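**Q** Model the structure of this input:
(chains A, B, C and D, ligands or ions: 4)
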Amino acid sequence: MSAIETKKITIIQAINEAISEAMAADPKVIVLGEDVADREGGGVVGVTRGLSTKYGDERVRSTPITEQAIMGAAIGAAIGGYKVVAEIMLMNFTTVAMDMIVNHAAKLRFMSGGQTGVPIVIRMMTGAGISSGGQHSDFLEAWFAHTPGLKVVLPSNPEDAKGLMLSAIADPDPVIFVECTRAYFTPYETPVNVAPIPLGKAKVTQQGTDVTIISYSEIFLRATAAAAELAKDGISVELIDLRTISPWDRETVIASVKKTGRAVIAHEAVKQFGVGAEIAATLQDELFGQLKAPIKRLGAPFTSVPFSGVLEQAFIVSVADIVAAAKSTLA
Amino acid sequence: MSAIETKKITIIQAINEAISEAMAADPKVIVLGEDVADREGGGVVGVTRGLSTKYGDERVRSTPITEQAIMGAAIGAAIGGYKVVAEIMLMNFTTVAMDMIVNHAAKLRFMSGGQTGVPIVIRMMTGAGISSGGQHSDFLEAWFAHTPGLKVVLPSNPEDAKGLMLSAIADPDPVIFVECTRAYFTPYETPVNVAPIPLGKAKVTQQGTDVTIISYSEIFLRATAAAAELAKDGISVELIDLRTISPWDRETVIASVKKTGRAVIAHEAVKQFGVGAEIAATLQDELFGQLKAPIKRLGAPFTSVPFSGVLEQAFIVSVADIVAAAKSTLA
Amino acid sequence: MATTSFATGANAAQPDAATQIEIYRRMNLIMQNDEASRKIIRSGRLMMPYYSQRGQEVIPSAISVNLNDDDKICTIYRGIHDMLAKGVPLRALWAEIAGKVTGTCKGKGGPMHITHPASGAILTTGIVGSSMPIANGLAWAAKLDKTRQVTIANFGDGASNIGAFHESLNLASLWKLPVIFVCQNNRFAEHTRYENGTSVDQISKRAAGYGMPGITVDGNDPYEMYAVANEAINRARDGEGPTLIEAMTFRFFGHVFGDDDFYMTKEEKSAAMAADPVPLYRAKLIANGVATEETLAALETDIAAQIADAIEFALASAPPPLEELTRDVYAEQGVA
Amino acid sequence: MATTSFATGANAAQPDAATQIEIYRRMNLIMQNDEASRKIIRSGRLMMPYYSQRGQEVIPSAISVNLNDDDKICTIYRGIHDMLAKGVPLRALWAEIAGKVTGTCKGKGGPMHITHPASGAILTTGIVGSSMPIANGLAWAAKLDKTRQVTIANFGDGASNIGAFHESLNLASLWKLPVIFVCQNNRFAEHTRYENGTSVDQISKRAAGYGMPGITVDGNDPYEMYAVANEAINRARDGEGPTLIEAMTFRFFGHVFGDDDFYMTKEEKSAAMAADPVPLYRAKLIANGVATEETLAALETDIAAQIADAIEFALASAPPPLEELTRDVYAEQGVA
Ligand SMILES: Cc1ncc(C[n+]2csc(CCOP(=O)(O)OP(=O)(O)O)c2C)c(N)n1
Ligand SMILES: Cc1ncc(C[n+]2csc(CCOP(=O)(O)OP(=O)(O)O)c2C)c(N)n1
Ligand SMILES: [Mg+2]
Ligand SMILES: [Mg+2]
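**A** Ligands and ions are numbered 1, 2, ... in the order given. Purely as a prediction, here's the structure:
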């Protein structure tokens, strides 16, 4: 086996590469969104930088501030034979385009009896911790996971971001692709060639026997740090990065918790009615009588994202929170 | 104790009475929405019929088709000192007003440090079973329950509808008030005088010992029918109508399931990432080791609401589904 | 951006005789189909929310004769006239309305969500305003493909007050998309009169706010409607961008089947019905020597037979099997 | 609905000498405050997303001298100039920006979400377009209350392309709400030039689509801006309904702090900065004998001291206690 060639890239670069590779391979892949073309800087944080220069202004189009029209253009072009990568700059701005996403993109295949599929990727960034306040930081993935017809993907690292984006673009159905701002800028050693990573498959990054910690997006990095902490106390953690929330990888998660008998689920969104609820509800059903402790859920407190730094840090699930929750299952 | 005077009214009449009583008691209560004034018929099913005639066209205003502007007008007027009952005709149409509801109505109190509260009621109807197809029938209450700052209410009968509406109008915060079309038209014997019913309090309509069935909105009526079926087989059901989903009545539900050791949660929304998940996740945690069976969840299959009658009926949780789920916990 | 003005009088495009008859055929098809629909609902043999298009026959008929099969339309719940004019086959249409597996959408969409790509009928939406953003996307794809296809976005007068209208017209104008925005102004949005929902006396005046040509036309006059549509469609095909057409019309049978029209005066309704465009146009064709009574009667009989056949087909068809409930949610089967 | 035209020349309202000086005071306050803000971010002493208003000082200054304390404003992330002109106190403002418990919103809103009802500053939103629907509601309340209060809805040129703009102007016109829509057209939306996002050459032209008066004004000319605002505000107070004002201006320091302005030419930026409205107006006031150099210098020194005091106050204040994290989610404490 030859060594895999790697290089240090960020999630921003990884997604950029994935879109670029998809555009190079298929002339039907197109991109639109506010300020996504190079004339406007290739995206506010540069995710689409260079693409309009490489593939032309017709295939990478900056739009006005018009999220309903962006989504409508994406849906229509997708039905018209294109594979569209549409950017809704921040997750909170999906709120002005929910009709297009939920009543149309998600349902058109079903309502047409399979005739009009909508192969689009809806990219967006979000996350607390950068002083953006209440209207720019929400994780709303549970809404989309509750919507039949959508897939929902949230990568935690560059390699996954690239492989999942490749699959999302190739996917025949609409995919919500959520990028956490806090995780954008850290470079990771990443294979130069990344194959598409199937949607709906979780990654077990660490085998363990005492407790399973399930997470995704940037909080998964905190879960990883928590596992290292717990190891110091002799606690053996099995670590699962869900990567895709809908459909989520029931088999992998159930198998792991069946083995460990304990689980903690951690995400950034508010805990109530969040993704953790679905997973905990499923596990208690599938593994009734086999659990050694209640499934523990971690999420933000039931409040808006605050501006002030002290409050904002307290809002986000911390490594210490995860450590404490894991320990509570072993108490 | 003297007998309570009652009369037969529907949910439509009950809500109409509640709004009317609130308007009579407080000149600051106002109403807006598409076709809500009498010139336009007092609402598409007549919930607001007679109100503009009684309280004047200034206090009950029909609007253009403009849900963002409806919600904006409601929010602004609420900050300006009014108590606003805003109608978004159908729940699916909230998708064109989610920014106003989620980024503004829900957050303005918090983001202003408590200075600008938004006392509004956002009324809407929804529900499958009347051949309205994929874009007019969704139950999306889980989205709103996942949104800090909102309260979410779903009555199942006229008395509750009236009492909860009185509380919703009096409430200092935004309340999502969901009316199921299937439950609109059946008259029930209802007290002539209904006091406000506190938000966040469930109602135990039947005591039982074997299994707790938890539901709300029209599905609660099916749960009640299921309980009667189960009684025939000697199964004693404790029946809980949640009435308010956010905040939901944890104490009542936990106490009941602690007693019965078994629970079924049923709602119309798709099961995945639905309200049932939160309740099941909470119960397995609070009652770990005390449950006699896994918590069972019932909801729609993960699909859009179909048009064709056979499929549409199969979409909605049935009495038989609830009976079977309850029995499965006793197997 | 200057607003193009429309050709008028002798300069306006005129449909030739065959086209004039074809417009009538489509109008009559829509009219008879609407009558059959209301009849069958009244009879109790079919249950569905039905938005009659009676009175609005001219608009799609005069537009669609300017379209090719691969041109696209997006329409709304009140859109069966648009579908029929574009060529959606009657049997599949009726089967869909009846919720049968032989329907355009296997009975899963229903009358508010007809889709039939083979005839260019891509979208029927139940959400006011939503035909427009998606029409833009279809037009964008056609433009990228360098076909000369156009897309028609149909919507009502009430829809012109919702945000999606504004965003769509702005983007279409900026990107010079081959899309024609057709506002079928029947003067009511549900129970709300035009002037109680719309702040400008003519919706076409809003076009100027997007640097787009806009025109108000008598949507019940097949010649005017044809000429205006022809010009707008040609302009779109030639890469000159979108047009807003406000076609004035009236709906004879209220918003939805069962509506008692309390919100309009008896006079305005009977005046509109007295000016029924279908018999008027029929008389004109005969008076002008374009068609004989016999030709038109034969055509009408033929349509009646087709509709009867389609209804029979629909009623005799099977409902979708239960597994259709979770099929087509995703392209692959069996997800979640 | 006819579009009212605006008084011009000698008929236009003129600010008296005291008002002219007051406009300058507000402009200078905004300018110095903006400079202090950028300086403190550069120094690393405060961390926040900052949307400089430098260059746009005239608009809120000339508008707000026509307003009373109980008139309301709604503004956007780029709105600290609007807040200051309306009278939000410096100490509370700076403390909010610094995330301190002494801030207008206890540090929970931050610079994008300033609210200070006592000075009529009701809403600062971070969602493009959303100031307008809520401004309508405030105006509706005032109308119901039969006060003569007006509400100003501030927004950018880019925001004129989003659905909320359209819905808000239509409703305001229909209901004759006492609201003034002030589009601060600085010719860019983030990195997008006006003409690449907006399909009409002047946003004010869109007013005709709502039967509403619309006017484009030099937003850097305090006299013009004053006259137009005065007229629109009086009209709103008199129950004659809303106005769309497009105030032409320029932002000197890009979209957000750190922006390198690659998307504009050096020439257009330096030309705009050379026409800096603050020193120009200052010179004019002195040349016209409205104020002396000494008066203005004294006023400027006073402002500088107030800002320095506010910053000191903000930095010395405590952050909000942790229990603020879940307080104010609902009116009552301790829910969920
Ligand atoms: C976003 C949204 N709001 C409200 C409705 C309810 N509704 C259905 S049709 C209609 C009236 C539409 O009027 P118009 O656009 O004039 O079309 P018409 O029905 O007259 O053809 C309304 C308000 C809807 N379907 N979608
Ligand atoms: C709905 C929505 N979409 C996108 C954004 C991101 N965004 C923030 S400011 C901005 C540009 C706004 O430009 P303009 O309205 O001209 O105001 P300016 O910043 O120039 O004052 C954009 C696109 C947003 N905040 N909200
Ligand atoms: Mg209409
Ligand atoms: Mg701007």
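
**Q** What are the boundaries of the helices in the stretch 1-150 of chain A?
**A** If DSSP state H, counting those that start in this stretch is used as the criterion, the helices of the stretch 1-150 of chain A fall at A:11-25, A:51-55, A:67-79, A:98, A:108-111, A:141-145.

**Q** The residue of chain A found nearest chain D sits in which helix or strand?
**A** For chain A, the residue closest to chain D is residue A:307, as judged by CB to the nearest CB, at 2.8 Å. Placement of C-beta: from N, CA and C, glycine included. Under the criterion DSSP states H and E, no helix or strand holds residue A:307.

**Q** ok, so what distance separates it from residue B:319?
**A** As defined by CB to CB, to the nearest Å, residue A:307 lies at a distance of 50 Å from residue B:319.

**Q** And those two? Which one has more around it.
**A** More crowded of residue A:307 and residue B:319, by other CB atoms under 10 Å in any protein chain shown: residue A:307, with 30 against 18.

**Q** correct me, but that one touches residue D:99?
**A** Yes: at 5.6 Å, residue A:307 and residue D:99 qualify as touching, with contact defined as CB atoms under 8 Å.

**Q** hey, what's in contact with both of the two?
**A** Here residue A:307 and residue D:99 have A:131, D:107, D:110 as joint contacts, going by CB atoms under 8 Å, 6 or more residues apart in numbering or on different chains.

**Q** For the residue nearest to residue A:306 when sequence neighbours are not counted, which residues are in contact?
**A** Closest residue in space to residue A:306, ignoring its immediate chain neighbours: residue D:108 at 4.8 Å, by CB to CB, 6 or more residues apart in numbering or on different chains. Contacts were defined as CB under 8 Å, 6+ apart; by that measure residue D:108 touches A:134, A:304, A:306-308, A:311, B:110-113, D:320, D:324, D:328.

**Q** In three-state terms, label residue D:108 for me.
**A** Secondary structure, DSSP: H, G, I helix; E, B strand; the rest coil: residue D:108 is coil.

**Q** does residue A:226 really touch residue A:324, like I thought?
**A** No: counting by CB under 8 Å, no contact exists between residue A:226 and residue A:324, whose distance comes to 9.1 Å.

**Q** who has more neighbours, these two?
**A** Set side by side, residue A:226 and residue A:324 show more neighbours around residue A:226, with 29 against 14, by other CB under 10 Å.

**Q** Phi first, then psi, for that one.
**A** Residue A:226 adopts backbone torsions of phi -60, psi -40, taken as degrees, to the nearest 10.

**Q** Tell me the one of the contacts of residue D:108 nearest ligand 2?
**A** Each of the contacts of residue D:108 was scored against ligand 2 by CB to the nearest ligand atom, and residue A:134 proved nearest at 12.5 Å.

**Q** restrict the shared contacts of residue A:307 and residue D:99 to those near chain B?
**A** Filtering these for neighbours of chain B using CB under 8 Å from any CB of the partner chain leaves residue D:107.

**Q** Show me which of the shared contacts of residue A:307 and residue D:99 is closest to ligand 2.
**A** Nearest to ligand 2 among the shared contacts of residue A:307 and residue D:99, counting by CB to the nearest ligand atom, is residue D:110 at 14.3 Å.

**Q** what residues are up against the closest one?
**A** Contact partners of residue D:110, counting by CB under 8 Å, 6+ apart, are A:131, A:133, A:307, A:308, D:48, D:96, D:97, D:99.

**Q** hang on, the earlier thing: and the contacts of residue D:108, which are buried?
**A** Among these, the ones that count as buried by 16 or more other CB atoms under 10 Å in any protein chain shown are A:134, A:304, A:306-308, A:311, B:110-113, D:320, D:324, D:328.

**Q** A strand includes residue C:201, no?
**A** No: the assignment for residue C:201, made by three-state DSSP, is coil rather than a strand.

**Q** For chain A, which segments count as strands?
**A** Using DSSP state E, the strands found in chain A span residues A:6-9, A:29-34, A:60-63, A:83-90, A:120-126, A:151-153, A:175-180, A:188-191, A:203-206, A:211-215, A:237-241, A:244-246, A:263-270, A:296-300.

**Q** for the stretch 51-200 of chain C, that is, sorry about that
**A** Per DSSP state E, counting those that start in this stretch, the stretch 51-200 of chain C carries strands over the ranges C:72-76, C:121-125, C:151-156, C:179-185, C:188-189, C:192-193.
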